[in-house]
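[1] Give me a model of this one.
(2 chains)
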Amino acid sequence: MPTTEVHGAAPRPPVRWKAVLSLALAAGFGLVAMSWPLLAVPGGALTETTSGPWMFALLLPLVTAVVLMQLTDGGLDARAVAMLGVLSAVVAAVRPFGAGAAGVETVFFLLILGGRVFGPGFGFILGCTGLFASALLTGGVGPWLPYQMFAAAFVALGAGLLPRTPDTKAGRVTELAVLAVYGAFSSLLYGVLLNLSFWPFAITGGNLAYVPGGGLSENLSRLLAYSLATSLGWDIGRAITTVALVLLTGPLLLRVMRRAARKANWH
Amino acid sequence: MHRPRREPAARMSTRTSTARPTMQTAARHTAHPVAWWAWALLLATAAGRTANPWLLLLIVAVAGLVVTWCRGSEPWSGAYRVFLAIGLSAIAVRMAFYIVFGGSDGPTVLFTLPSVTLPEWAAGFRLGGNVTAEGALAALYDGLRLATLLVCVGAANALASPRRLLRSVPAALYEVSVAVVVALSVAPQLVASVGRVRRARALRGNTSRSPANLMRTIVSPVLHDALDRSLALAAAMASRGYGRATGIPAPARRATSASLLIGLLGLCAGAYALLGTTTPAPLAWTAVAVSAAVAVFGIAFASKRVPHTRYRPDRFGARDWAVVASGAAAVAGTVLSGIYEPSALWPATNPLAMPDLPMWAAGGILLATAPALLVPSARGGTP
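    Purely as a prediction, here's the structure:
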């Protein structure tokens, strides 16, 4: 690592063991918060009440705040804050292009590429700040925002954890292919998890509704039918647009962001 | 003849010149954004506790009244109408779901659709069939409830200024909130940057519309420009003392970390206990509540030790508490109705009947219009 007197240490937010531990705990909590309709055992406390979704919607921002505090413990570098701000602005600027059109998702490719270049810790914060800023700009703050922020943060974090590839032509092609496959996989998973978080609210009667205390097999088949009837088209659209955008813009964006990282003495 | 005519005009002009500053302070002194969010979420909680259509429509009307009276003329002030449209589409979707996938049944058949029974491997249920008035009404009530929740969220979006909301982020998340502030001010610059680069490109005679050319000649320069600007911004921030080492003593940092980790651990354990049956429910709820309190304490403890000063801190005053209390009145009303007249809160749809209006809940929801009287209209009079 080259040292310069002007910039000092590298701006990449270091991920310490406390941050890793809280990320792991938060991932577990988030999984429960989103998929409790499937996991709740018949007779358990959550199946008897309707307070589950409210509780999780209130606790998820708290958990996100705790993880963000652990990640930024000791202060973020000014370069990281400025880079986060600019990339979040880009996320907020491209997000409206995907609104309305069926399944066109224009945010994920940026989160994936950003997480890839700037690392998992930065990716997590970028997922949170990007979606938060765009919700503030468009007036789209709602109970769904904590879930979206949380899921998007983990999408970007996962992209930062993908294995490194050598800086050759073959390595760059492999990297793009890996990112595209990861993009498709994470978009589908994101769709199912967000569906799951909203499912007990969206519909309460009929063949597609969540049965409180119905057990895993009963509710899983209902969830699959519900997903098939509602969001599968959107989820597949999201996966296709993400893969296409990663492949189309990946070479350029990776080059531009790596140049900025080099200029900021990031690595 | 001239003098008496001129005098009122002169007085008028002095009045407007003195009125302008008070109007500006009135616009600044709309309620605290956290108070608006609490008010709207309490209204949404009241809506979640009932399926009575009169109450739900009353909540929509109350939210609409307060929004039209108290909102400013900022870009986000139109959010109420957008969320109203989303709510109407939620009712339509809920109705379409009922017609296609079925739901509760009743004796009054409106019409019959051709029905298909899916094979066992595809969940094995019936599509189409009888559409009954009772089932349609139940679906309508349900959709209306979801729509009311959405409308309450829309009211909060229209009323609460996001920039002021951002100032209420705990001080411990200072860096992250600075990043969001940077994002909010850079986003419009990006749009301007795209326009500038496009104009320069057109002046050079490049009118190609192929995606590869657009990527190379618009997206690439705009991104380079934005990222270079972020480096310049970082240098400016660093030169003004941002990011200097802050002297938080090691024991305080350890205490913060410990309480955050313990809180998180407790939340995970509590959530896991809530899923299963081995832990008694009161114990699991207590575990969740205690660990949430520990985590909140950790955040508050860390915020106290952050040595950043705030420019014009946004205080939570008596009027803000009154706004929150008026929202709480709506919830209290539905709770009282739940005790004294529970059947009116959840009206039966089978047999078909005109639902009653629960008095306690209606009174509480009407109290939630109080912000319209408490908070001055941000547009200076006529909404």
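
[2] Tell me where the model's unsure across the chain.
    Since you didn't name a chain, this refers to chain A. Within chain A, the stretches with pLDDT under 70 are A:1-15, A:42-52, A:74-75, A:98-104, A:139, A:201-208, A:212-215, A:266-267.

[3] oops, chain B please
    The low-confidence ranges in chain B, as defined by pLDDT under 70, are B:1-29, B:103-104, B:118-126, B:243-247, B:307-309, B:377-383.

[4] can you point me to the longest helix in chain A?
    Of all the elements of type helix in chain A, the one with the most residues (DSSP state H) is helix A:169-202.

[5] Would you mark the buried spots in that helix?
    The neighbour-count check on helix A:169-202 (16 or more other CB atoms under 10 Å in any protein chain shown) flags A:172, A:175-176, A:178-180, A:182-184, A:186-202 as buried. For the C-beta atoms, the positions are set from N, CA and C on the backbone; glycine is no exception.

[6] Next: stretch B:272-292.
    In terms of neighbour count (16+ other CB under 10 Å), stretch B:272-292 has its buried residues at B:272-275, B:279, B:281, B:284-285, B:287-288, B:291-292.

[7] Can you flag which of the residues you listed belong to helices?
    B:272-275, B:281, B:284-285, B:287-288, B:291-292.

[8] Tell me where the stretch 51-200 of chain A has helices.
    A:52-71, A:78-98, A:108-118, A:120-138, A:144-161, A:169-202 (DSSP state H, counting those that start in this stretch).

[9] Specify the stretch among those that is closest to chain B.
    Closest to chain B of these, according to CB to the nearest CB: helix A:78-98, at 2.5 Å.

[10] tell me how far that closest one is from the chain's mean position?
    In terms of CA atoms, centre = their mean, to the nearest Å, the gap separating the centre of helix A:78-98 from the centre of its chain is 14 Å.

[11] again with stretch B:142-154
    From the chain centre to the centre of stretch B:142-154 is a distance of 12 Å (CA atoms, centre = their mean).

[12] And chain A, is it touching that?
    Yes. Counting by CB under 8 Å from any CB of the partner chain, chain A is contacted by stretch B:142-154 at B:142, B:146, B:149-150, B:153.

[13] ok, back up a step: near chain A, which of the buried residues of stretch B:272-292 show up?
    B:272-275, B:279, B:281, B:284-285, B:288, B:292.

[14] Give me the next element, helix or strand, following the longest helix of chain A.
    Per DSSP states H and E, the first helix or strand lying C-terminal to helix A:169-202 is helix A:216-229.

[15] Tell me which residues of that following helix come out buried.
    Of the residues in helix A:216-229, those buried under the neighbour-count criterion (16+ other CB under 10 Å) are A:219, A:221-223, A:225-227, A:229.

[16] Out of those residues, which are close to chain B?
    A:221-222, A:225, A:229.

[17] What residues does the stretch 251-383 of chain B have near chain A?
    Residues of the stretch 251-383 of chain B lying near chain A by CB under 8 Å from any CB: B:253, B:256-257, B:260-261, B:263-265, B:267-268, B:271-277, B:279, B:281, B:284-285, B:288, B:292, B:295-296, B:298-299, B:302.

[18] run the last query once more with 7 Å
    B:257, B:260-261, B:263-265, B:267-268, B:271-272, B:274-277, B:281, B:284-285, B:292, B:295-296, B:299, B:302 (CB under 7 Å from any CB of the partner chain).

[19] again, but for the stretch 51-200 of chain B
    For the stretch 51-200 of chain B, the residues in contact with chain A (CB under 7 Å from any CB) are B:76, B:79, B:94, B:97-98, B:101-104, B:123, B:125, B:138, B:142, B:146, B:153, B:157, B:162, B:172-173, B:175-176, B:178-180, B:182-184, B:186-187, B:190-191.

[20] Go through the residues of stretch B:142-154 next to chain A and name the one nearest B:Ser220.
    Using CB to CB, B:Val153 comes nearest to B:Ser220 of the residues of stretch B:142-154 next to chain A, at 38.5 Å.

[21] Isn't that closest one up against B:Ile86?
    No. Taking contacts as CB atoms under 7 Å, B:Val153 lies outside contact range of B:Ile86: 9.3 Å.

[22] Compare neighbour counts for those two and give me the winner.
    Each of B:Val153 and B:Ile86 has its neighbours counted (other CB atoms under 10 Å in any protein chain shown); B:Val153 has more, 28 against 16.

[23] just to revisit the earlier point, return the member of the residues of stretch B:142-154 next to chain A nearest to chain A.
    Nearest to chain A among the residues of stretch B:142-154 next to chain A, counting by CB to the nearest CB, is B:Val153 at 4.4 Å.

[24] Starting from B:Leu173, give me the distance back to the closest residue to that closest one other than its chain neighbours.
    Among residues not flanking B:Val153 along the chain, A:Gly142 sits closest, at 4.4 Å (CB to CB, 6 or more residues apart in numbering or on different chains). Distance, A:Gly142 to B:Leu173, using CB to CB, to the nearest Å: 20 Å.

[25] same check, this time on B:Thr117
    B:Thr117 is 54 Å from B:Leu173, where distance means CB to CB.

[26] what's the burial count for B:Ala353?
    When counting by other CB under 10 Å, one arrives at 10 neighbours for B:Ala353.

[27] secondary structure class for it?
    coil (DSSP: H, G, I helix; E, B strand; the rest coil).

[28] Quick one: residues contacting residue 106.
    In the absence of a named chain, chain A is used. Counting by CB atoms under 7 Å, 6 or more residues apart in numbering or on different chains, A:Thr106 touches A:94-95, A:97-98, A:245.

[29] Chain B, not that one
    B:Gly106 sits in contact with B:132-135, B:350, where contact means CB under 7 Å, 6+ apart.

[30] Same question for B:Ser230.
    By CB under 7 Å, 6+ apart, the contact list for B:Ser230 reads A:82-83, A:85-86.

[31] now do B:Ala46
    B:Ala46 neighbours (CB under 7 Å, 6+ apart): B:59, B:330-331, B:334, B:365.

[32] Determine which two of these are furthest apart.
    With CB to CB as the measure, no two of the contacts of B:Ala46 lie farther apart than B:Ile59 and B:Val331, at 11.2 Å.

[33] count of neighbours near B:Ala255?
    Count around B:Ala255 with other CB under 10 Å applied: 16.

[34] go on, B:Lys304?
    When neighbours are counted by other CB under 10 Å, B:Lys304 registers 12.

[35] Then it would be within a strand, right?
    No. Secondary structure of B:Lys304 (three-state DSSP): helix, not part of a strand.

[36] which non-adjacent residue is nearest it?
    B:Lys304's closest residue in space is B:Ala171 (CB to CB, 6+ apart), at 7.9 Å.

[37] Go ahead and confirm B:Ala372 touches B:Arg71.
    No. Assessed by CB under 7 Å, B:Ala372 is found out of contact with B:Arg71, at 11.0 Å.
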